[in-house]
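Visitor: need a 3D model of the sequence below.
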Amino acid sequence: MDFNIFFNTNDKLNIIYKGYRSLYFDAKIKDILFNISLLLVSASLVLPTKLNTLCVSISVILWFLSGDYKYIRNLYKNKLSLAILLYYALYLLSIIYSENIEIAYSEVFERKLGCIFIPLLFTNWERILSIKFHILRAFYFSVTVSILVCIISSFISIDGQSNLNLIIEYFTYNNLSRHVGFQPIYLSYISIISFFLILYDFKNLTEKNKNIWLKYLIIFILILHYFFVIFLSSRTEIMTLLIVILVLLIYIAIQNKTFLTLIFLYIIILLLSIFSISINRLNKNRFSEMIELKTDYKSNKWGGRSFRIQKWKYSLKLWEKNKFFGVGVGDFQCELNKVYIENKFLMGSEGNYNTHNQFIQTLTTIGIPGLSMLLVIFFLLFQNFYFSRDWIVPCLTLVFIFSMTTESVLERNKGLIPFVFFSLLIYNINFSSNGNGHRWSNN
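Guide: Modelled structure (predicted):
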């Protein structure tokens, strides 16, 4: 039957258009929903991986529906986005020379997809710039709530315990982080990022709102973050926090000519850290193991320095088998376990341990091009600081670098997604504002 006898072509187009509108919402609503989804991605970085993955997936769908796909060309204009995509492409390419295809697919299409999805969400720079502080606040508010959950849950767990040393241990290491399903090192890593982002937002918040209680609240939250990291007892992250605070204070001193005051402030921070570690038996034992130079790795109870050196040494032996391209993303762990066994490092093979160093693991897995691209990412971040003089860029970049020296951070979603998300955020804030970054200055 010819339906043209009932209505003309213009009528048909009208019906199609109305159907489209009813199905895909108004443009303004789509924009609002996409903005909300970005805030949820930020807030969910401290939640279980499945929830964060769901938030990222929803955000990518809304990215497309909002029309931001029109800005996809910006991926090629933004050097950091391009470097992250090329880093992912090298993992994708390594599937070709991996024998264990199933593991390779799992690594590339499950654990590493954030290297594609997150850059897509940041293609519209002006959108990111307009909600940048909302994104930061969604994240550090979520982290603060998680910290309080851990502390309150640990209080509940005490249940009549009277021994002071045992009570303190309820607030230490795994006993503290287990309440939110995170390993101590990854919760410390997230908390340190949150700590510096709160500092970054501090001036902006207190200048707009003169309420003195707000300033006290923010200071309290910063102190809470600081001692939470100390009691999580991740040695690398505690050292990272202390070093990056020192770097920041030196930068502020140079900017504002307040050396003596800041030196005094850092000495207080250092003394408080030493005191907090010394009163905590578990923390004290972990640090003693770290600084003991003659300890054999077999006697390491907490996976200390000598134990990690063994992993690095045998990972580099594996790299020697294929120096340029690496062993491939699918075969890395299996081949590393073989090297462990060949060298009688049974603790490594039985524990199925990876390298616990992102730089060495990248080199071993996807070779010299992979390590080069990872270094390019860090170079671009430092270059961004050179032009913008925005102190948050080197602070977070140093947090990422130091964390990667003793942990393969990018091999887990809990490490990869925050890295890609906040690297692009701090880069785009300055990239899209032509270098006029947020500066910590009295001027």
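Visitor: for the stretch 251-400 of the chain, which spans come out with low pLDDT?
Guide: Under the criterion pLDDT under 70, the flagged ranges of the stretch 251-400 of the chain are 290-304.
Visitor: where exactly do the helices run in it?
Guide: Taking DSSP state H, counting those that start in this stretch as the criterion, the stretch 251-400 of the chain contains helices spanning 259-278, 281-291, 305-319, 332-342, 346-350, 358-388, 392-406.
Visitor: would you mind pulling the contact partners of the first one?
Guide: Contact with helix 259-278 is made by 226-227, 230-231, 238, 242, 245-246, 249-250, 252-253, 283-284, 287, as judged by Cβ atoms under 8 Å, 6 or more residues apart in numbering. (Each C-beta comes from the backbone N, C-alpha and C, glycine too.)
Visitor: try 7 Å
Guide: Identification of contacts with helix 259-278 by Cβ atoms under 7 Å, 6 or more residues apart in numbering yields Phe227, Ile230, Leu242, Ile245, Leu246, Leu249, Ile252, Ala253, Asn283, Lys284, Phe287.
Visitor: turn these into a markdown table, including distance to Phe387 and neighbour count.
Guide: Formatted as a markdown table, those follow (distance: Cβ to Cβ, whole Å; neighbours: other Cβ atoms under 10 Å):
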| residue | distance to Phe387 | neighbour count |
| --- | --- | --- |
| Phe227 | 35 | 15 |
| Ile230 | 35 | 23 |
| Leu242 | 28 | 17 |
| Ile245 | 24 | 21 |
| Leu246 | 24 | 14 |
| Leu249 | 23 | 18 |
| Ile252 | 20 | 19 |
| Ala253 | 22 | 17 |
| Asn283 | 40 | 22 |
| Lys284 | 44 | 13 |
| Phe287 | 39 | 20 |
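Visitor: nearest to Tyr71 among the residues you listed?
Guide: Ile252 (35.7 Å; Cβ to Cβ).
Visitor: hang on, the earlier thing: distance to Leu75 added to the helices of the stretch 251-400 of the chain, as TSV?
Guide: Below are those laid out as TSV (distance: least, Cβ to Cβ, whole Å):
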stretch	distance to Leu75
helix 259-278	40
helix 281-291	41
helix 305-319	31
helix 332-342	28
helix 346-350	39
helix 358-388	14
helix 392-406	20
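Visitor: follow-up on the earlier one: now, the contacts of helix 259-278 that are in strands?
Guide: Applying DSSP state E to the contacts of helix 259-278, no entry is found in strands.
Visitor: distance to Asn428 added to those residues, as TSV?
Guide: As requested, the contacts of helix 259-278 are exported to TSV (distance: Cβ to Cβ, whole Å):
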residue	distance to Asn428
Phe227	32
Ile230	32
Leu242	29
Ile245	25
Leu246	27
Leu249	27
Ile252	24
Ala253	29
Asn283	38
Lys284	42
Phe287	38
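Visitor: quick one: the closest residue to Met373 other than its chain neighbours and Ile279, what's the gap?
Guide: Among residues not flanking Met373 along the chain, Tyr87 sits closest, at 4.5 Å (Cβ to Cβ, 6 or more residues apart in numbering). Look at Tyr87 and Ile279: by Cβ to Cβ, to the nearest Å, they are 43 Å apart.
Visitor: with neighbour numbers in mind, choose between these two.
Guide: For the pair Tyr87 and Ile279, the greater number of neighbours falls to Tyr87 (22 against 12), based on other Cβ atoms under 10 Å.
Visitor: name the helix or strand for the residue lying closest to Leu282 once chain neighbours are set aside, please.
Guide: Spatially, and ignoring its direct neighbours in sequence, Leu282 is nearest to Thr172 (4.7 Å; Cβ to Cβ, 6+ apart). In this structure, Thr172 is located outside every helix and strand according to DSSP states H and E.
Visitor: wait, Thr172 touches Ser234, no?
Guide: No. If you go by Cβ atoms under 7 Å, Thr172 and Ser234 don't touch, sitting 10.9 Å apart.
Visitor: so which of the two has more stuff around it?
Guide: Ser234 (26 against 20).
Visitor: tell me how far the most centrally placed residue in the chain lies from Leu425.
Guide: Nearest to the mean C-alpha position of the chain, counting by Cα atoms, centre = their mean, stands Pro418 at 2.8 Å. Going from Pro418 to Leu425 by Cβ to Cβ gives 10 Å.
Visitor: same check, this time on Leu47
Guide: Separation of Leu47 from Leu425 (Cβ to Cβ) stands at 18 Å.
Visitor: counting neighbours, go ahead and name the busier of those two.
Guide: Remark: of Leu47 and Leu425, Leu425 carries more neighbours, 21 against 18, as counted by other Cβ under 10 Å.
Visitor: list the residues that contact the more buried one.
Guide: With contacts defined as Cβ under 7 Å, 6+ apart, Leu425 is in contact with Ile128, Lys132, Ile135.
Visitor: perfect, that will be all.
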